[in-house]
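Enquirer: Okay, sequence plus prediction incoming.
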Amino acid sequence: MPGLLTLFTSKRTILEISDAKRELHLRKKLVSARRRMLRSHIRSALASKKALGVAGASGFMIGQLSQNRYCKDCGKAHTSVDASQIVRTGLRIYTLTQTANSLADFFTHD
């Protein structure tokens, strides 16, 4: 009867393999659905008014900080910036960011 035991074990193994394949297929579908949902959520979050406003404001501030400053006295461009100007600019950026965040919260009803 070793042939019957081998046949029974073989059928059981085949059933286990088919169950594992089915489970793997379902998990792949679940992961794919979660990925699509997460991608949609990220896209909508990045396209929100608040995120676009912060991105635009950040680009504007970086552009303002990276411009050459012209000296009114000598008429030449100076690229060096003193520490007090950096601190003042940082405080302005912080204030503008807080104001933009408050306005975004006021105008959006997310």
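Expert: Thanks, I have the structure now.

Enquirer: mind checking the longest helix of this protein?
Expert: Scanning the chain for the helix with the most residues, using DSSP state H, yields helix 2-46.

Enquirer: C-terminal to that helix, what's the next element?
Expert: With elements assigned by DSSP states H and E, the helix or strand that comes after helix 2-46 is helix 49-66.

Enquirer: So A57 versus T89, what's the distance?
Expert: In this structure, A57 and T89 are 14 Å apart, going by CB to CB, to the nearest Å. For glycine as for every other residue, the C-beta is placed from the backbone atoms N, C-alpha and C.

Enquirer: more crowded one of those two?
Expert: Between A57 and T89, A57 has the larger neighbour count (other CB atoms under 10 Å), namely 17 against 14.

Enquirer: That one contacts T97, doesn't it?
Expert: Yes - with the criterion set as CB atoms under 8 Å, A57 and T97 qualify as a contacting pair; they are 7.2 Å apart.

Enquirer: So which other helices or strands are in contact with the longest helix of the chain?
Expert: The contact analysis (3 or more CB pairs under 8 Å, 6 or more residues apart in numbering; DSSP states H and E) places helix 2-46 against no helix or strand.

Enquirer: relative orientation of that helix and helix 49-66 in degrees?
Expert: Interaxial angle of helix 2-46 relative to helix 49-66 (axes from the mean of the first three to the mean of the last three CA atoms, to 10 degrees): 60 degrees.

Enquirer: how far out from the middle of the chain is helix 2-46?
Expert: With CA atoms, centre = their mean, to the nearest Å as the basis, the distance from the averaged C-alpha position of helix 2-46 to the chain average is 30 Å.
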